[in-house]
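A.B. asks: got a structure for you, letters missing:
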């Protein structure tokens, strides 16, 4: 018997103990047909019979790895089935099992700076997608039932967020950073966070202070603990630094980055000085159309936070009106060019 045949034996024995229907379902989650994928994911999600241990172990492993599939069209199907099974107590997997499997498959990939950018990003997206499945929509559905579990999820999300910056001087976009922070806050909930979780988040904020996710995490901790936030302009990140791709600006930077939105929300009661010290000099006074667009995107949020007439006068001053006029002229000019073509 050759070496290849000997290597195949353990895998063959392992698969022989797995329910054939589960093997077939996993294969169909990567089918080219969107209808087949959706039907299969729904079937797995609505299963009512408990899986035998070998089958459950195999299905969990494959669903987690499938969330980083090289077949991009297959990832949502794997993620949907996994998220649904986590919530089925009679059939599904515990959050502890899910997080342990995610750590096994993706933690080393995200930590290893020598790993290819593609592999790191796929691993980061998988961690983000799976974490979103563990983030409850309602407090009664909270799945992170222990502080240890919450800390482990925080560490995974931090690794996912840091993957965006590896190998380049600046991240290519803030999209991943924003999504990570949003999932993090949903997963941890609105109740005061345990000290172990806060300490882990503080380490994240300190280590990533030069990046948008670091500032957003810091502001989230301040809000949860009832601490007065540090809203100095020195902590805000130039939005265009995270909207560049090989030196070329992206077509739009709408909406504003999460760190800027978090800063405006945290400025309730002191909006005027924060606006005057950050938004006006860093965005509105810039000649960059993209930065002015960020300021305009912050306008509705600032109006919600405004608590007095002075706040409203600050955000709707002459510089804001001029910025809006410039953007409107640009839109009208673009429409005319499109009509001419």
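C.D. replies: That came in fine, so what should we check first? Since we're looking at a predicted model, the values are computed, not measured.

A.B. asks: make it CA atoms for all contacts and neighbour counts henceforth
C.D. replies: Noted.

A.B. asks: what's stretch 322-333 in contact with?
C.D. replies: Residues outside stretch 322-333 that contact it (Cα atoms under 8 Å, 6 or more residues apart in numbering): 284, 289, 292, 293, 296.

A.B. asks: Quick check, pLDDT for the last one.
C.D. replies: Spelled out, it's residue 296. We note a pLDDT of 86 for residue 296 in this prediction.

A.B. asks: What's the separation between it and residue 333?
C.D. replies: Per Cα to Cα, to the nearest Å, residue 296 is found 19 Å from residue 333.

A.B. asks: Looking at those two now, which is surrounded by more residues?
C.D. replies: residue 296 (24 against 12; other Cα atoms under 10 Å).

A.B. asks: for the helix or strand hosting that one, which positions count as buried?
C.D. replies: Residue 296 belongs to helix 289-305 when assigned by DSSP states H and E. Buried residues in helix 289-305, defined by neighbour count with 16 or more other Cα atoms under 10 Å: 289-299, 302, 305.

A.B. asks: and the helix or strand harbouring residue 337, how far from the chain's centre?
C.D. replies: Per DSSP H and E: residue 337 is located in helix 318-340. Centre-to-centre, helix 318-340 and its host chain are 32 Å apart (Cα atoms, centre = their mean, to the nearest Å).

A.B. asks: any idea of the pLDDT on the residue nearest to residue 119 when sequence neighbours are not counted?
C.D. replies: Leaving aside its sequence neighbours, residue 119 sits nearest to residue 109 (Cα to Cα, 6 or more residues apart in numbering; 7.4 Å). Per-residue confidence (pLDDT) for residue 109: 89.

A.B. asks: just checking, residue 109 touches residue 115?
C.D. replies: Yes. Residue 109 lies in contact with residue 115 (Cα atoms under 8 Å); the separation is 6.4 Å.

A.B. asks: got a list of what residue 185 touches?
C.D. replies: Contacts were defined as Cα under 8 Å, 6+ apart; by that measure residue 185 touches residue 220.

A.B. asks: what do you get if the cut-off is 10 Å, keeping everything else the same?
C.D. replies: Contacts for residue 185 (Cα atoms under 10 Å, 6 or more residues apart in numbering) come out as 135, 217, 220, 221, 224.

A.B. asks: That one in helix, strand or coil?
C.D. replies: The local conformation at residue 185, judged by DSSP: H, G, I helix; E, B strand; the rest coil, is helix.

A.B. asks: how far out from the middle of the chain is the helix holding residue 296?
C.D. replies: In terms of Cα atoms, centre = their mean, the gap separating the centre of helix 289-305 from the centre of its chain is 22 Å.

A.B. asks: which helices and strands does it pack with?
C.D. replies: Counting contacts by 3 or more Cα pairs under 10 Å, 6 or more residues apart in numbering; DSSP states H and E, helix 289-305 is packed against helix 258-266, helix 271-274, helix 309-315, helix 318-340.

A.B. asks: Highest mean neighbour count out of those helices?
C.D. replies: Stretch with highest mean neighbour count among those: helix 258-266 (a mean of 22; mean count of other Cα atoms under 10 Å).

A.B. asks: which helices and strands sit right next to that helix?
C.D. replies: Where contact means 3+ Cα pairs under 10 Å, 6+ apart, helix 258-266 is packed against helix 175-188, helix 212-225, helix 271-274, helix 289-305.

A.B. asks: now the angle from that helix to helix 175-188?
C.D. replies: Using axes from the mean of the first three to the mean of the last three Cα atoms, to 10 degrees, the direction of helix 258-266 lies 50 degrees away from that of helix 175-188.

A.B. asks: what's the angle from the helix holding residue 296 to helix 258-266?
C.D. replies: Between helix 289-305 and helix 258-266, the angle comes out at 30 degrees (the same axes, to 10 degrees).

A.B. asks: can you start the count at 759 instead of 1 from here on
C.D. replies: Renumbered: residue one is now 759, and that last one reads helix 1047-1063.

A.B. asks: Any stretches of the stretch 909-1058 of the chain with poor pLDDT?
C.D. replies: The model of the stretch 909-1058 of the chain has pLDDT under 70 over residues 922-933, 989-1014.

A.B. asks: one step back: any idea which of the helices and strands packed on helix 1047-1063 gets closest to residue 945?
C.D. replies: helix 1016-1024 (16.9 Å; Cα to Cα).
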